[in-house]
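In: give me a 3D structure for the following:
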Amino acid sequence: MAVMQEYKCPCCGGAIEFDSSIQKMKCPYCDTEFEIDTLKEYDNALNQEQADDMHWDTQAGAQWGTGETEGLNTYSCKSCGGQIVGDETTGATSCPYCGNPVVLMGKFAGDLKPDYVIPFKFDKKAAKEAMANHCKGKPLLPKVFKDQNHIDEIKGIYVPFWLFDADANAHIRYKATRVRRWSDSNYNYTETSYYAVERGGSIGFERVPVDGSSKMPDDLMESIEPYNFSEAVDFQTAYLAGYLADKYDVDAEQSITRANERIRRSTEESFANTVKGYATVIPEASNIQLANGKAKYALYPVWILNTTWKDKNYIFAMNGQTGKFVGDLPMDKGLFKKYFFTIGGIAAAVTFLITLLASLF
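Out: So this is what the prediction gives:
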């Protein structure tokens, strides 16, 4: 059976054909001309592109040893369903996610034992000071965010993270342009040259973090990165004393999609930074092959403050190792109106005074 070879224009996507008058392939839609050999090389490159292969060994964590969970209790929030782990000295507490009281459910059991833990370096006092500084200089902030009773509700919690290691072999193709402009006595000219730019190579990733809690916003946890893993130690339950620990409800397998997104984004950004000297650069295709992909399970220290204002939850977080503090603050519309009219009144008074003085001289 006869097969007709069809070529697509790399510039506009239209079907191109051979123009006998110029002995080149030409696109009838955008008038771009191509050498046949160049077009064949481009087509061969397209045919050699592979699909992504981003698989992982997710045998993270370990089984708890005899006696290791002694003294650990689980608490459950009846409002949001969150489950946290505390030591035997933990009394009545509140949920770090929604602020409602949590109740003791029983002795800790099941789940995997973390491989590593990064201990807290900043205490509650430092977290309170960070929150107070975060609220300084914001006159339109609702009063509830400045009250000391809410600052006292800051809780230290170990958040579960899956740490992904991998070597990524990537091949990325870009469509790039260079533009040349000139003029004569009659016309202004613009010539746009199109290029197929390829980049390929390997890049290594170590301990790409993905939090294992569905209740913890991913963007919030990414905002307080990075952590210094050189200070991580082998996990021991003693590090949990005086703090809470979140029980993971997103396992390593379920976290692969997020890990792949972070690896893909970092890889594409790194490769794109090597494409220079063009007016525009647009990624057209990429494929990433992972090798030696594996995951580990760790607990990272986070100070959490949960505040509700006008039926909306606001969660603030501080990296318990580095002290980096993040969180969105709302604006009190009532204070805004008061502030606006006050400024407006002052401005009107100044204008009146200037007008009066001008009339006197």
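In: could you chop the protein up by domain?
Out: Domains of the chain are assigned by automatic domain parsing as 8-48, 72-167+200-337.
In: list the residues that contact G212.
Out: With contacts defined as CB atoms under 8 Å, 6 or more residues apart in numbering, the neighbours of G212 are V159, P160, F161, W162, Y248, D249, V250, D251, A252, S255, Y297. C-betas here are computed from N, CA, C, even on glycine.
In: which ones among these lie within strands?
Out: Counted as lying in strands by DSSP state E, out of those, are V159, P160, F161, W162, Y297.
In: quick one: distance of stretch 198-208 to the chain centre.
Out: 18 Å (CA atoms, centre = their mean, to the nearest Å).
In: quick check: buried residues in that stretch?
Out: By neighbour count on 16 or more other CB atoms under 10 Å, the buried set for stretch 198-208 is R199, F205, R207, V208.
In: which of the residues you listed sits closest to L290?
Out: F205 (9.0 Å; CB to CB).
In: secondary structure class for the closest residue to the closest one other than its chain neighbours?
Out: Take F205 and drop its neighbours on the chain: the residue closest to it by CB to CB, 6 or more residues apart in numbering is A166, 5.2 Å away. For A166, the assignment made with DSSP: H, G, I helix; E, B strand; the rest coil gives strand.
In: T257 now?
Out: helix.
In: returning to what we had before: could you save the buried residues of stretch 198-208 as JSON lines and add columns showing secondary structure and pLDDT?
Out: Formatted as JSON lines, the buried residues of stretch 198-208 follow (DSSP: H, G, I helix; E, B strand; the rest coil; pLDDT from 0 to 100):
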{"residue": "R199", "secondary structure": "strand", "pLDDT": "90"}
{"residue": "F205", "secondary structure": "strand", "pLDDT": "94"}
{"residue": "R207", "secondary structure": "strand", "pLDDT": "94"}
{"residue": "V208", "secondary structure": "strand", "pLDDT": "94"}
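In: closest one to F18 out of those residues, please.
Out: Distance ranking of these against F18, using CB to CB, places R199 first at 30.7 Å.
In: neighbouring contacts of stretch 179-193?
Out: Residues contacting stretch 179-193 (CB under 8 Å, 6+ apart): T177, R178, A279.
In: give the buried residues for the helix or strand hosting T177.
Out: Under the criterion of DSSP states H and E, T177 resides in strand 155-183. Buried residues in strand 155-183, counting neighbours by 16+ other CB under 10 Å, are found at 155-166, 168, 170-176.
In: my read is E225 is in a helix, agree?
Out: No: using three-state DSSP, the assignment for E225 is coil, not a helix.
In: correct me, but it touches R207?
Out: No: between E225 and R207 there is no contact, the gap being 10.9 Å when judged by CB atoms under 8 Å.
In: per-residue pLDDT, R264?
Out: We have a pLDDT of 91 for R264.
In: just the helices in the protein please.
Out: Shown for the chain, the helices assigned by DSSP state H span residues 36-48, 124-135, 148-151, 218-223, 256-272, 333-360.
In: give the buried residues for the fifth one.
Out: Counting neighbours by 16+ other CB under 10 Å, one finds that the buried residues in helix 256-272 are I256, R258, A259, N260, R262, I263, R264, T267, E268, F271.
In: so where is the stretch 251-361 of the chain shaky, pLDDT-wise?
Out: 330-361 (pLDDT under 70).
In: for D123, the count of nearby residues, please.
Out: 12 (other CB atoms under 10 Å).
In: which pLDDT value belongs to it?
Out: For D123, the predicted pLDDT is 91.
In: measure it to L240 for me?
Out: 15 Å (CB to CB, to the nearest Å).
In: can you check G277 too?
Out: 54 Å.
In: also D31?
Out: From D31 to L240 the distance is 69 Å (CB to CB).
In: of those two, who's got more company?
Out: L240 (20 against 10).
In: the more buried one contacts L72, correct?
Out: Yes: contact criterion CB under 8 Å: L240 and L72 qualify, at 7.1 Å.
In: outside of stretch 232-243, which residues touch it?
Out: 68-69, 71-72, 85-87, 89, 113-120, 156-158, 298-299, 301.
In: which among those residues count as buried?
Out: Here, 16+ other CB under 10 Å leaves 69, 71-72, 85-87, 114-120, 156-158, 298-299, 301 buried among the contacts of stretch 232-243.
In: distance check, the residue nearest to W64 when sequence neighbours are not counted against K24.
Out: Once flanking residues are discounted, W64 sits nearest to K113: 4.8 Å by CB to CB, 6+ apart. Relative to K24, K113 is positioned 67 Å away (CB to CB).
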